[in-house]
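**Student:** coordinates only, sequence not included:
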């Protein structure tokens, strides 16, 4: 346990707590308790250049000392990475606040609706867009959404520039290097994912997309979303059965989730499921938008796993273990359980869904598309550090999106997908670890590991230390080295 920088670490923990609570309230469709400016003002050390310099200096010292102390390095790395983000927001608080509030603002005017209902918030439009059956109506709503959100690209550029200023000479890859020491750059991993899934996406993915959306040769982003969120088997997963499905599964595994789940329907609630720490390790909450379909169930399963990660550490754990982590670790937790619908018999035994082989492949191809989109965002975000967040980066990402999905991405929705911190690379790393963990659990506890109580201690081991382990350390515990190859093997197996 590190004992240095006590004031800085306490202030960072306080800012982490405030941000987590407000992220949860935003996901749940509740009003914010504080503005971003107020949160930053209440924690001036965590948002200052001086605080960032202190953490960076301590980390540099830890990395050169002998013998090395991995726990100290991991916690100081997590602290430094959090402070980088806090400093970037402090440099452009107005633009960051605008983007924070943007999804809830009534800006979108779909054709034919403006006079009847007025402008709609983007968050409500996007919830409806993915499940609409009418392709023409989806296209209209997507064009209106893009037109409404494109003006925010100026704020996105300001926030991007602030992130680059906070990073200074530090490459964005440095935030991930401690969890991916053997695979090379993010671009290398992203290219491997795209190349390794090109064949199955071109064959099975192209056929399913055309069959599902009737898009012919001109698929668009909304067609991809419709395949992901409303496949033909969606009715086999009623929204009222989601919690019963979870209970059937957890009774088999003898697992009890401690997170509180909010499934109330609110106008500004985000779709899917989102987990946030409220008071770790005592309280975590999951915001759930109840809807039918396998993706909604997968999202809930993944969010419950992330919540357990925040509830796992002991009461006296350092604040870094409670609030922070290698950014790929929450993704690893989410992907391990979100992928349960691709496990043999899970849908039949737990969701009571009798799926055809084509239905199973539709669920599998959704995971392929998710991985390819994460790879595309990784390539585009890396490129934007060279090009700047402007027209060239926008076109680069539209091309990458087309390569990943075979569909067109509207110009007004391109730049919002790019992230200066390469969060999409954290997603790829987490998904890759989850695939390796799935193979490990099958080797140890057979194909039905997900319902075998003997596997529970191994699963709990992923959560027990919270954010303390890096992905490299977790990978070493189950054998092998970090690589996207297990992810490619897992996706290929599910699509056969």
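**Tutor:** Now that the structure is in, tell me what you want to look at. Worth saying up front: this structure is predicted, and the values here are computed from it rather than measured. Numbers count the residues shown, from 1 in each chain.
**Student:** CA only for contacts and neighbour counts going forward, please
**Tutor:** OK.
**Student:** list the contacts for residue 301?
**Tutor:** Applying Cα atoms under 8 Å, 6 or more residues apart in numbering, we find residue 301 in contact with 246, 334, 337, 338.
**Student:** sorry, wrong one. I was asking about residue 286.
**Tutor:** By Cα under 8 Å, 6+ apart, the neighbours of residue 286 are 24, 259, 260, 261, 262, 273, 274, 275, 276, 303, 304, 307.
**Student:** and residue 283, what is it in contact with?
**Tutor:** 258, 259, 260, 277, 311.
**Student:** before we move on, back to that, which among the contacts of residue 301 gets closest to residue 168?
**Tutor:** residue 334 (31.4 Å; Cα to Cα).
**Student:** quick check: which element contains the closest one?
**Tutor:** helix 328-338 (DSSP states H and E).
**Student:** tell me which other helices or strands that helix touches.
**Tutor:** In terms of contacts (3 or more Cα pairs under 8 Å, 6 or more residues apart in numbering; DSSP states H and E), helix 328-338 is packed against helix 294-311, helix 423-445.
**Student:** top of the contacts of residue 301 by neighbour count?
**Tutor:** Tallying neighbours with other Cα atoms under 10 Å puts residue 334 at the head of the contacts of residue 301, with 27 neighbours.
**Student:** what distance do you get for that residue to residue 10?
**Tutor:** Here residue 334 is placed at a distance of 28 Å from residue 10 (Cα to Cα, to the nearest Å).
**Student:** how about residue 70?
**Tutor:** 21 Å.
**Student:** next one: residue 65
**Tutor:** 25 Å.
**Student:** swap in residue 136?
**Tutor:** 53 Å.
**Student:** so if I had to pick from those two, which one is more boxed in?
**Tutor:** Neighbour count, other Cα under 10 Å: between residue 136 and residue 10, residue 10 has more, with 17 against 10.
**Student:** what residues are up against the residue lying closest to that one once chain neighbours are set aside?
**Tutor:** Leaving aside its sequence neighbours, residue 10 sits nearest to residue 319 (Cα to Cα, 6 or more residues apart in numbering; 7.6 Å). For residue 319, the contacting residues are 9, 10, 13, by Cα under 8 Å, 6+ apart.
**Student:** now do the helices in the stretch 251-400 of the chain.
**Tutor:** Counting by DSSP state H, counting those that start in this stretch, the stretch 251-400 of the chain has helices at residues 294-311, 319-323, 328-338, 346-349, 357-387, 391-405.
**Student:** mean pLDDT added to those, as JSON lines?
**Tutor:** JSON lines is the format used below for these (pLDDT from 0 to 100):
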{"stretch": "helix 294-311", "mean pLDDT": "98"}
{"stretch": "helix 319-323", "mean pLDDT": "95"}
{"stretch": "helix 328-338", "mean pLDDT": "97"}
{"stretch": "helix 346-349", "mean pLDDT": "96"}
{"stretch": "helix 357-387", "mean pLDDT": "97"}
{"stretch": "helix 391-405", "mean pLDDT": "98"}
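**Student:** would you mind giving the ones you listed as a markdown table with distance to residue 39 added?
**Tutor:** Formatted as a markdown table, the helices of the stretch 251-400 of the chain follow (distance: least, Cα to Cα, whole Å):
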| stretch | distance to residue 39 |
| --- | --- |
| helix 294-311 | 21 |
| helix 319-323 | 16 |
| helix 328-338 | 24 |
| helix 346-349 | 43 |
| helix 357-387 | 27 |
| helix 391-405 | 31 |
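**Student:** quick revisit: PyMOL command to pick out the buried ones of the contacts of residue 283?
**Tutor:** With 16 or more other Cα atoms under 10 Å as the burial test, the buried ones among these are selected in PyMOL as follows:
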select buried, resi 259+277+311
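**Student:** in the stretch 1-150 of the chain, which spans are helices?
**Tutor:** Using DSSP H, counting those that start in this stretch, helices in the stretch 1-150 of the chain cover 6-27, 36-42, 49-64, 70-91, 93-101, 114-117, 122-129, 135-149.
**Student:** I'd like the distance from whichever helix or strand residue 195 is part of to the chain centre, please.
**Tutor:** Element membership for residue 195 (DSSP H and E) is helix 186-200. Centroid separation for helix 186-200 versus its chain: 19 Å, with Cα atoms, centre = their mean, to the nearest Å.
**Student:** one step back: looking at the contacts of residue 301, which one is closest to residue 225?
**Tutor:** residue 338 (17.5 Å).
**Student:** so the closest one makes contact with residue 299?
**Tutor:** Yes - shown here, residue 338 and residue 299 form a contact pair, counting by Cα atoms under 8 Å, at 6.0 Å.
**Student:** what does stretch 327-340 contact?
**Tutor:** For stretch 327-340, contacts defined as Cα under 8 Å, 6+ apart pick out 176, 179, 297-306, 309, 346, 423, 426-435, 437-438, 450, 462, 467, 470-471.
**Student:** how does it look with 6 Å?
**Tutor:** By Cα atoms under 6 Å, 6 or more residues apart in numbering, the residues outside stretch 327-340 that reach it are 298, 301, 302, 305, 306, 426, 427, 429, 430, 431, 433, 434.
**Student:** just the buried ones out of these, please.
**Tutor:** Looks like the contacts of stretch 327-340 have 298, 301, 302, 305, 306, 426, 427, 429, 430, 431, 433, 434 buried, using 16+ other Cα under 10 Å.
**Student:** Throw those residues into JSON lines and include distance to residue 164, thanks.
**Tutor:** As requested, the buried ones among the contacts of stretch 327-340 are exported to JSON lines (distance: Cα to Cα, whole Å):
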{"residue": "298", "distance to residue 164": "34"}
{"residue": "301", "distance to residue 164": "35"}
{"residue": "302", "distance to residue 164": "31"}
{"residue": "305", "distance to residue 164": "32"}
{"residue": "306", "distance to residue 164": "29"}
{"residue": "426", "distance to residue 164": "18"}
{"residue": "427", "distance to residue 164": "21"}
{"residue": "429", "distance to residue 164": "23"}
{"residue": "430", "distance to residue 164": "24"}
{"residue": "431", "distance to residue 164": "27"}
{"residue": "433", "distance to residue 164": "29"}
{"residue": "434", "distance to residue 164": "31"}
